[in-house]
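K.L.:
Sharing a model that was predicted from the sequence below.
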Amino acid sequence: MIIKSYIQFIKESSGYEYGCVMVEVPVSNWDEITSYISPEDVYTGGDDSHGIQENPHVTILYGLHEGVTEDEVKSVFEEFTGSINIEVDGIGVFENKDYDVVKFNVNPDGALQELHDKLSEFPNSNEYPDYKPHITISYVNKGMGKKYVKPDYKYTVENVDKITYSLPSGEKVNFKYNQGIVESL
């Protein structure tokens with residue numbers, strides 16, 4: 001009988017393989033926005049990772065390897081002294097094999113692209129050569145995403161300051177960012 005290591009057990013039970021750094025985006029009317037998604041269009045995939053997104057965020061980088069520490073991630077934000085502004089430029093869709101992803105298109109302003117590039121210097125398994133920031137609204141059944149596309153929908157959230165580092169273990173570390181000053185939450 002083979003006994004799994006504790007770390008292997010934690011990885012498998014948490015459902016995470018890689019770490020992820022996200023900017024939490026405060027959207028005051030999120031419930032109103034998600035209410036436009038017809039319940040019969042929602043794709044659940046039989047698990048909790050699909051459906052209507054409850055936590056609006058922009059992923060800066062997914063794919064960080066185990067061993068990339070909280071301090072290393074925070075150091076990227078300590079070295080960055082700009083503001084993080086989220087500029088939504090329409091509602092679009094990613095089409096996948098089994099479902100569509102309805103999303104806010106986010107302009108990769110200098111801050112998001114710069115942070116993505118710096119975090120990419122750590123060991124990671126990011127599979128996407130081009131950074132396309134977005135805020136997922138909902139996963140919908142294949143072919144249903146097109147009806148939610150609205151290229152003229154625009155707004156900006158300035159000085160976003162809450163960052164989450166979700167480690168491969170499933171542990172989440174939250175911190176506040178303010179132009180190079182990082183505080184644990």
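P.N.:
Thanks, I have the structure now. Residues are numbered from 1 along each chain as shown.
K.L.:
Keeping just the C-alphas, turn the host helix or strand of Thr164 into PDB.
P.N.:
Taking DSSP states H and E as the definition, Thr164 sits inside strand 162-166. Presented in PDB, the C-alpha positions along strand 162-166 are these (Å, rounded to 0.1, in the frame of the first residue of the first chain):
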ATOM      1  CA  LYS A 162      -7.100  44.600  -2.600                       C
ATOM      2  CA  ILE A 163      -4.800  41.800  -3.900                       C
ATOM      3  CA  THR A 164      -5.300  38.000  -3.300                       C
ATOM      4  CA  TYR A 165      -2.600  35.400  -3.700                       C
ATOM      5  CA  SER A 166      -4.200  32.000  -3.800                       C
END
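K.L.:
Pull up the pairing partners for it, direction included.
P.N.:
Next to strand 162-166 in the sheet, as set by DSSP bridges, lie strand 19-24 (antiparallel), strand 172-178 (antiparallel).
K.L.:
Which residues does that strand contact?
P.N.:
16, 19-24, 26, 57, 70, 73, 77, 172-177, 185 (CB atoms under 8 Å, 6 or more residues apart in numbering). (Glycine included, C-beta is placed from N, CA and C.)
K.L.:
looking at the strands paired with strand 162-166, which is buried most?
P.N.:
Highest mean neighbour count of these: strand 19-24, a mean of 22 (counted as mean count of other CB atoms under 10 Å).
K.L.:
Need the mean per-residue confidence for that one.
P.N.:
Across strand 19-24, pLDDT averages out at 97.
K.L.:
Please apply the same query to stretch 131-144.
P.N.:
On average, stretch 131-144 scores 96.
K.L.:
first vs last residue of that stretch, how far apart are they?
P.N.:
Terminal residues of stretch 131-144 are spaced 25 Å apart (CA to CA, to the nearest Å).
K.L.:
what separates it from the chain centre, distance-wise?
P.N.:
12 Å (CA atoms, centre = their mean, to the nearest Å).
K.L.:
Stretch 52-71 too?
P.N.:
Using CA atoms, centre = their mean, the offset of stretch 52-71 from its chain centre is 6 Å.
K.L.:
buried set for stretch 32-52?
P.N.:
Ile33, Thr34, Ile37, Asp41, Val42, Tyr43, His50, Gly51, Ile52 (16 or more other CB atoms under 10 Å).
K.L.:
Let's verify the first one: helix, strand, or coil?
P.N.:
When the structure is split into helix, strand and coil by DSSP: H, G, I helix; E, B strand; the rest coil, Ile33 lands in helix.
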